[in-house]
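Novice: Structure for the following, please:
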Amino acid sequence: MVDALDPAQTALEMVACFGALGARPDRLAHAHALAVQSIGPVAQPLVLAGGAIARDIDRGVGAGVASGYHNPQHFLEVMLCALYLARTHGLASQRVARLVTAGLIHDFHHDGSRGAPAPFRLELLALQNAQPYLRAAAVSALECRRLDALVLATEPRAGVPFARACWNRHRSVASVAPPAAMQLPEALALLSTDADLAFDAVLLAEADVLPSIGLTLDHAETLQARLAAEWRTPLGRDDKLGFIDRMIGEIAVAQYFVPNVQRLRQAYAGSAA
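Specialist: Modelled structure (predicted):
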C-alpha cells in the first residue's frame with residue numbers, strides 16, 4: 001500500500017503484482033505466505049488450513065477451469081484484492097486472515113458452470129471441499145461458520161443481495177429484505193446479527209468482481225475473454241457494459257476504485273458508439 005498513488009496507479013501496481021505472482025508455479029502458496037506475513041499475528045488454524053489449500057490448488061487439486069475464468073489466477077486475485085481492501089479499512093488481523101482464507105476458497109473446485117438452476121451450488125461445493133482442511137487444522141466450529149457465511153455471500157443471485165441488505169440494516173440504511181422465494185443457507189443468518197461479518201461479506205463480494213471492473217482496461221478484457229472461453233459463448237462490449245452498470249451502483253467498500261470503474265465504462269461506451 002502506497003498512499004501517494006491514485007486509483008489508476010494503484011490498479012497498475014496490482015495488475016503487475018498479479019502477473020508476477022501468477023507466473024510462479026507455487027503462486028497461491030507463495031502469495032498466501034506473503035499475505036499472512038503482512039497481516040501479523042493471527043490464530044494459527046486459519047493460517048494452516050489456508051496454506052494447505054493453497055498448496056493443493058497449486059498442485060491442481062480443486063483448481064477450477066485451467067483455460068477459463070475460475071482458475072488459480074482468479075483465486076489469487078480475489079485473495080489479494082480482499083487483503084488490499086481489508087488493509088485500507090484497517091481491519092483487525094483476525095478479520096483480515098479470515099477474508100484471505102475465504103477469498104482463497106470461495107471458488108474451490110469450481111466446475112466451470114454458472115451455478116444454475118440451484119443458487120449456492122458452487123459455493124456449497126467449495127465449502128464442502130474445504131472442510132477436510134479446516135478440520136485437519138482444528139479451525140473452530142464458530143470460525144468455520146463465519147467462513148461459510150463469507151463464501152456464501154459471494155453467490156451473486158441471493159448471497160450478495162442478502163449480505164448488502166444485512167450491512168445496510170446494521171448501518172441503519174435499510175431493513176433486511178432477503179431475496180424473495182430463495183432458500184438461504186443457515187450460515188448466512190450470521191450476517192444479520194454480526195455487523196463486522198456483514199461488512200466483511202460485502203468486502204469479499206466486491207473483491208470478487210474488482211479485477212473484472214475496477215482495475216485496468218486490458219486486465220478487464222483479458223478476464224472477459226477467459227469467462228467467454230469458460231462459458232463457451234461470445235461476450236462482447238455490451239455484455240461488459242451491462243455488468244458494469246449492474247455493479248457500479250452497488251460498490252461501497254471498494255469506493256476508492258470507482259474512478260477506475262467509471263473510466264472503464266467510458267472506454268467501453270466510447271468504443272461501442
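Novice: quick one: the helices in the stretch 1-150 of the chain?
Specialist: Under the criterion DSSP state H, counting those that start in this stretch, the stretch 1-150 of the chain contains helices at 7-22, 27-39, 44-58, 72-88, 93-105, 121-136, 141-152.
Novice: got the residue ranges for the helices in the stretch 151-273 of the chain?
Specialist: 159-170, 190-193, 195-213, 217-231, 237-248, 258-272.
Novice: Next one: Arg95 from Leu127, what distance?
Specialist: Separation of Arg95 from Leu127 (CB to CB, to the nearest Å): 19 Å. Quick note: C-beta positions are derived from backbone N, CA and C, even for glycine.
Novice: what's the answer for Thr216, then?
Specialist: For Thr216 relative to Leu127 (CB to CB), the value is 32 Å.
Novice: If you count surrounding residues, which of these two has more?
Specialist: Just comparing Thr216 and Leu127: by other CB atoms under 10 Å the higher neighbour count belongs to Leu127, 24 against 18.
Novice: Quick one: residues contacting Ala267.
Specialist: The contact partners of Ala267, taken as CB atoms under 8 Å, 6 or more residues apart in numbering, are Leu217.
Novice: Buried deepest among the helices of the stretch 1-150 of the chain, which one?
Specialist: Across the helices of the stretch 1-150 of the chain, averaging neighbours per residue (mean count of other CB atoms under 10 Å) puts helix 93-105 on top, at a mean of 25.
Novice: which strands and helices sit next to it?
Specialist: Packed against helix 93-105 by the contact rule (3 or more CB pairs under 8 Å, 6 or more residues apart in numbering; DSSP states H and E) you find helix 27-39, helix 44-58, helix 72-88, helix 121-136, helix 141-152, helix 195-213.
Novice: Give me the angle between it and helix 72-88.
Specialist: 160 degrees (axes from the mean of the first three to the mean of the last three CA atoms, to 10 degrees).
Novice: what mean pLDDT would you report for helix 93-105?
Specialist: Throughout helix 93-105, pLDDT has a mean value of 97.
Novice: one step back: now the helices and strands packed on helix 93-105 as CSV including distance to Ser172?
Specialist: CSV is the format used below for those (distance: least, CB to CB, whole Å):
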stretch, distance to Ser172
helix 27-39, 31
helix 44-58, 31
helix 72-88, 23
helix 121-136, 28
helix 141-152, 21
helix 195-213, 11
